[in-house]
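Undergrad: Based on what follows, work out the 3D shape:
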Amino acid sequence: MDQWGKGRPLKVRAIAEELGVCERTVKRELGALRRAGVIEVVGPSRTGHYQLRGCQRARSV
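TA: Have a look, this model is predicted:
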């Protein structure tokens, strides 16, 4: 989970596997975090990812 602290995107399946819980549990908890303004969804809901609000990935120049 320290991937979020590094601003890297995580998907529901990867979070569920790492925590050993079902995807529904992860979705429920992520929804609560999103409503609290802690995280945001980036991109389309089906193919996007979650990231901490205020974190942006570095872009190559």
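Undergrad: my read is Tyr50 is in a strand, agree?
TA: Yes - counting by DSSP: H, G, I helix; E, B strand; the rest coil, Tyr50 is part of a strand.
Undergrad: Relative to Lys27, how far out is it?
TA: 10 Å (CB to CB, to the nearest Å). Placement of C-beta: from N, CA and C, glycine included.
Undergrad: I figured Leu52 hits Val42, correct?
TA: No - here Leu52 does not reach Val42: they are 10.6 Å apart, not a contact under CB atoms under 8 Å.
Undergrad: From the centroid of the chain, which residue is nearest?
TA: Tyr50 (2.7 Å; CA atoms, centre = their mean).
Undergrad: so what's it closest to, chain neighbours aside?
TA: Ile39 (5.1 Å; CB to CB, 6 or more residues apart in numbering).
Undergrad: need the contact list for the one you found.
TA: Contact analysis of Ile39 by CB atoms under 8 Å, 6 or more residues apart in numbering lists 4, 30, 33, 50-53.
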